[in-house]
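**Q** What would the 3D arrangement of this be:
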Amino acid sequence: MTAVLWFALVASVSADIYSCGGFVKSSVPIDYSKIRVKLLTPEGHLKHEEECNPQNGYYMIPVYNKGQYSLKVSAPEGWYFEPEAVDFKLDGVNDPCTKNEDVNFSLTGFSISGVVSGGSGSGPTGLSLTLKQNGKIVDTAKTVDGGKYSFKAVAGKYEVSTGADSSVCIGHGKALVEVTNAPVFVKPDLRIAGYHFTATVTNKARPLPNVRLTLYSEEKPEVSFSVSGFTARGRVVVGKKGISGAEVIVQGKKVTETDANGHYTLQALTEGPIEVTARAPHTQFSTAKSTLTLPNVSIQDVIVEGFDVCGSVEKTPSEAIAARLVLKRVDNADTISIRPGDDGKFCKMVPPAKYTISPADSSSTLTPRSLDIDLTISSVHDLRFTHFKTDAVVLVTCIGTCETLSISLLHGGNVVDTVRGKDEFIFKSIGPGNYRGVLCMERTAYDPHDADLFSSYRRR
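**A** Numbers count the residues shown, from 1 in each chain. Below is the predicted model of the structure:
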């Protein structure tokens, strides 16, 4: 008994185990974890099932006995592979498993499926549909029971539509879809509104013209309609001109934007009060309050109430804050005071109009003295007021040849600049005021000489 058992174990250990493997290939990134490869007998019985490597799609299936087998890819519905299955005879000599040859499968496409719904009940059977890419027909199909249909397609953008020779009345007969790395189900459904009905009236085999036909249904339907929502159009304006690109705010939420003429459309509205305003950079809008009542639905215009005027005012070293500006309306005597911030910048919201803006202090050295600005259709930015500056030229006349000299320019006891030269000295960008020039001769021991200078700004 011991000897028989020992020989049985030796036979089991020495039995051959074959490996059948290969790759599931795809030209687009896919989730390999959804794919399995099955080893089947000729009768379709499952001998072994193996997952694919999630990184590269590789699989390997052990086979313990010689015989006739099939390798088949198993994937979710709507995935297509070539070949669908590979039949082989494992003989231990010439089969691909024994010869270590890969048995590969290639993903060739995904399904584009959907439903054509009828006017009532299930959809039609036998309705011709086309699949187009870039305007060219790449596949055709016919609906089956329930109006279902399916196409096979590779990755890309497509149009699903009813055939040109369709004999039905179409309510929604076209849909755009994009296939990437999974099957696509078309939504919303293609929909037919009815069927063509053709009748011929004859009298003794001759056509009878001008006959009125009446089509009756088996049952008289009772149809009632109720309004679930309606559409209204409004406008955002400044004066009579529309504001383009403004965000339309309804009940505090952005809904849409205005077109080039300031118009916008609101959908799915119901009767009752509604508040509409708008939003755009550097612009202030009114809030239009309306009550919507059918059949006459209208929304009041949203009106621009103000535009920003923005810019900067230069400060002198002696100024703690920038000088104040005055904005005056051209069409009336209204004035608006503008106080720049600590950094000299300002932005003031004012009603749409034409204005002049100028320094509030008439003795100020700020330039320009006045600017005309148009705030009737948009905001104005980057206005800049700077203090007057000029170049001061000092000429020195020497008895004999001028040696190298230096002149220091002082303002209120502070040295503004020092320039070296011989007979002409230029001090750039100095403001109005009284200055003193001090002359120093570099190679002599004489005391410095000084002279009073001044810079003035003439207002026009």
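
**Q** gap between the residue nearest to Val160 when sequence neighbours are not counted and Ser26?
**A** Using Cβ to Cβ, 6 or more residues apart in numbering and skipping residues adjacent in sequence, the residue nearest Val160 is Ala175, 4.8 Å away. Where C-beta positions appear, they are placed from N, C-alpha and C, glycine not excepted. As judged by Cβ to Cβ, to the nearest Å, Ala175 and Ser26 stand 26 Å apart.

**Q** ok, back up a step: who touches the residue nearest to Val160 in this structure?
**A** Going by Cβ atoms under 8 Å, 6 or more residues apart in numbering, Ala175 touches 114, 159-161, 186-188, 190.

**Q** Using a markdown table, lay out those together with neighbour count and pLDDT.
**A** Compiled in a markdown table, the contacts of Ala175 are given as follows (neighbours: other Cβ atoms under 10 Å; pLDDT from 0 to 100):
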| residue | neighbour count | pLDDT |
| --- | --- | --- |
| Gly114 | 24 | 91 |
| Glu159 | 15 | 92 |
| Val160 | 25 | 91 |
| Ser161 | 18 | 87 |
| Val186 | 19 | 91 |
| Lys187 | 9 | 87 |
| Pro188 | 10 | 85 |
| Leu190 | 24 | 84 |
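
**Q** Dump these into JSON lines; add distance to Val326 and secondary structure as well.
**A** Below are the contacts of Ala175 laid out as JSON lines (distance: Cβ to Cβ, whole Å; DSSP: H, G, I helix; E, B strand; the rest coil):
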{"residue": "Gly114", "distance to Val326": "69", "secondary structure": "strand"}
{"residue": "Glu159", "distance to Val326": "64", "secondary structure": "strand"}
{"residue": "Val160", "distance to Val326": "67", "secondary structure": "strand"}
{"residue": "Ser161", "distance to Val326": "67", "secondary structure": "strand"}
{"residue": "Val186", "distance to Val326": "66", "secondary structure": "coil"}
{"residue": "Lys187", "distance to Val326": "63", "secondary structure": "coil"}
{"residue": "Pro188", "distance to Val326": "62", "secondary structure": "coil"}
{"residue": "Leu190", "distance to Val326": "68", "secondary structure": "strand"}
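
**Q** Quick one: those residues as a markdown table, columns for distance to Asn65 too.
**A** Formatted as a markdown table, these follow (distance: Cβ to Cβ, whole Å):
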| residue | distance to Asn65 |
| --- | --- |
| Gly114 | 45 |
| Glu159 | 52 |
| Val160 | 48 |
| Ser161 | 53 |
| Val186 | 47 |
| Lys187 | 49 |
| Pro188 | 53 |
| Leu190 | 51 |
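
**Q** Contact partners for Phe307?
**A** Neighbouring residues of Phe307 by Cβ under 8 Å, 6+ apart: 282-284, 349-350, 352, 375, 378-380.

**Q** biggest separation within those residues, which pair?
**A** Farthest-apart pair in the contacts of Phe307 is Gln284 and Val380; separation 14.4 Å (Cβ to Cβ).

**Q** how about TSV for the contacts of Phe307, with secondary structure added?
**A** Listed next are these as TSV, based on DSSP: H, G, I helix; E, B strand; the rest coil:
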residue	secondary structure
His282	coil
Thr283	strand
Gln284	strand
Met349	strand
Val350	strand
Pro352	coil
Leu375	coil
Ser378	coil
Ser379	coil
Val380	strand
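
**Q** which of those count as buried?
**A** Neighbour-count burial (16 or more other Cβ atoms under 10 Å) is assigned, among the contacts of Phe307, to 283-284, 350, 352, 375, 378-380.

**Q** can you pull the pLDDT of Ser337?
**A** Ser337 is assigned 94 on the pLDDT scale.

**Q** do the same with Thr293
**A** Looking at Thr293, the pLDDT reads 88.
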